[in-house]
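Chemist: show me the folded form of this:
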Amino acid sequence: MRLTSVLLLVSVLAASAWITRLVREAAKRKQLLDTPNERSAHSRPTPRLGGIGIVAAFLPAFATLAILFDGGLVAVVVLVATAAISVVGLWDDLRTLPARTRLGAQTLAATAVVVSAWERMPEAWSLFGWSVPHAFVGALSVLWIVWITNLYNFMDGIDGLAAGQAVIAGCALAVASSAAGALLVANASAALAVAALGFLAFNFPPASIFMGDVGSTAIGFFFACAPFLARGGSVPVEAVGLALALFILDATLTLLRRIARRERLSQAHRTHFYQRPLALGIGHRRITLSAYAGMLAVGGLATRYGYGEKRVRLLLIAAAAAVFVTYVSVVVGLEARAATDAAVTAKSVDG
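Modeler: Got it, this is the predicted structure:
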């Protein structure tokens, strides 16, 4: 089985890179380009739809793993739902769907997964299980899946960031799931990580192709569903949350800040913490590599989540929050220094 898994991962890596390259050339020919505007983080027209390479390589591998590890009905539902989310994302990339249509499709897909995995909810939500009303846990699970699906899309804004997060989080979940005995989740997470790695070869700064909703929403959806796939071992929602902690905290705080300011949520913006250094002249590569350091830190915390008692798990969550606070402090510090330098320069000019 181990040799089979290794051969499968090598095949996924090669397929992802090959398909991504084909998509890039086709997008160039068809002029399917992301053209820069005043809110863009890139400066030249760049092919999009690169996430097709990730999804086209990952989904067949996931289907194979579901058979090998007897994933049952839940695995079938997650597979079909992830494919559906990717198709909706592709449609949005090509035609631009109304937000309510996207949310409706995502909610329907999330509900199907939750219903199929209903008996696994106590293990998936290890901090409280069924100690709260079942309906609340079910609704929270649907909200969790829909939010992670969308925030992953929100965080796909600069070269290499979302793909690198998929590689790091996928590897972290593979380690955590393997230790817990959840072999389907472990192998599927590893497959997603190598699929993202094949794409990252073309998306690392400076990117020659962008992921698009076709890839980002599917990745977020699968990660959110991973805890409900576990059989033979527990992979809690909180472990996935730790692996994606920087994305979750950045997207959530940015959303709350925009709501407080009564901004139009459908309007494009560049106010995520990972985007703000761009305004200071810091390039994509430096931002992405700095983010990777934080992702590795919280990914390491995720690999340890299954070993501790409740108090230890809460400490791991607090440690992930501390990593994010450190990241935010650096960004705010850079902005404060830039503002001070600008004030000094203006004063010297006026003088």
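
Chemist: and the strand or helix carrying Val344, how far out from the chain middle?
Modeler: Per DSSP states H and E: Val344 is located in helix 310-350. Relative to its chain's centre, helix 310-350 lies at 23 Å (Cα atoms, centre = their mean, to the nearest Å).

Chemist: let me see the mean pLDDT of it.
Modeler: Averaging pLDDT along helix 310-350 yields 88.

Chemist: for this structure, which segments count as strands?
Modeler: Applying DSSP state E to the chain gives strands spanning 33-34, 46-47.

Chemist: deepest-packed of the ones you listed, please.
Modeler: Comparing the strands of the chain by mean neighbour count (mean count of other Cβ atoms under 10 Å), strand 46-47 ranks first with a mean of 23. The way it works is simple: take the backbone N, C-alpha and C, and place the C-beta from them, glycine included.

Chemist: can you list contacts of that one?
Modeler: Contact with strand 46-47 is made by Val23, Arg24, Ala27, Lys28, Leu32, Leu33, Asp34, Ala207, Ser208, Ile209, Phe210, as judged by Cβ atoms under 8 Å, 6 or more residues apart in numbering.

Chemist: from those residues, which single one is nearest Gly138?
Modeler: Phe210 (35.0 Å; Cβ to Cβ).

Chemist: what separation is there between the closest residue to Leu315 other than its chain neighbours and Ala182?
Modeler: Excluding its sequence neighbours, the residue lying closest to Leu315 (Cβ to Cβ, 6 or more residues apart in numbering) is Gly308, at 7.7 Å. Plainly put, Gly308 is 17 Å away from Ala182 if you go by Cβ to Cβ, to the nearest Å.

Chemist: between the strands of the chain, which has the poorest mean confidence score?
Modeler: When the strands of the chain are ranked by mean pLDDT, strand 33-34 comes last with a mean of 88.

Chemist: partners of it in the sheet?
Modeler: Its sheet considered, strand 33-34 pairs with strand 46-47 (antiparallel) by DSSP bridges.

Chemist: contact partners for the residue nearest to Val55 when sequence neighbours are not counted?
Modeler: Residue nearest to Val55 in three dimensions, not counting chain neighbours: Ser86, with 4.7 Å by Cβ to Cβ, 6+ apart. Taking Cβ under 8 Å, 6+ apart, we find Ser86 in contact with Gly51, Val55, Leu59, Val214, Gly215, Thr217, Ala218.

Chemist: confidence score at the spatially closest residue to the third one that is not a sequence neighbour?
Modeler: By that I understand Leu59. Once flanking residues are discounted, Leu59 sits nearest to Ala83: 5.8 Å by Cβ to Cβ, 6+ apart. pLDDT recorded at Ala83 is 98.

Chemist: ranking the contacts of Ser86 by neighbours, who comes first?
Modeler: Neighbour counts for the contacts of Ser86 (other Cβ atoms under 10 Å) peak at Gly215, which has 35 neighbours.

Chemist: so which bits of stretch 76-93 are buried?
Modeler: Within stretch 76-93, the residues that count as buried by 16 or more other Cβ atoms under 10 Å are 77-79, 81-86, 88-93.

Chemist: filter those residues down to the ones in helices?
Modeler: Members of the buried residues of stretch 76-93 lying in helices (criterion: DSSP state H): 77-79, 81-86, 88-93.

Chemist: neighbours of Leu108, how many?
Modeler: Neighbours of Leu108 using other Cβ under 10 Å come to 14.

Chemist: now, of the contacts of strand 46-47, which are buried?
Modeler: Val23, Arg24, Ala27, Leu32, Asp34, Ala207, Ser208, Ile209, Phe210.

Chemist: relative to Asn150, which of these is nearest.
Modeler: Phe210 (17.5 Å).

Chemist: I'd say that closest one and Gly50 touch.
Modeler: Yes: with contact defined as Cβ atoms under 8 Å, Phe210 counts as touching Gly50 (5.8 Å).

Chemist: can you work out which residues contact both of these two?
Modeler: Asn203.

Chemist: sorry, back to before: can you check which of the strands of the chain gets nearest to Asp156?
Modeler: strand 33-34 (11.3 Å).

Chemist: distance between the one helix or strand in the chain whose mean pLDDT sits lowest and the chain's centre?
Modeler: Among the helical and strand segments of the chain, the one scoring lowest on mean pLDDT, DSSP states H and E is helix 121-124, with a mean of 83. Here the centre of helix 121-124 is set off from its chain's centre by 22 Å, with Cα atoms, centre = their mean.

Chemist: may I have that helix exported as CSV, CA atoms only?
Modeler: Provided in CSV are the C-alpha atoms of helix 121-124 (Å, rounded to 0.1, in the frame of the first residue of the first chain):
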residue,chain,number,x,y,z
MET,A,121,-19.7,15.1,14.1
PRO,A,122,-18.7,14.4,17.7
GLU,A,123,-15.2,13.3,16.6
ALA,A,124,-14.9,16.2,14.2
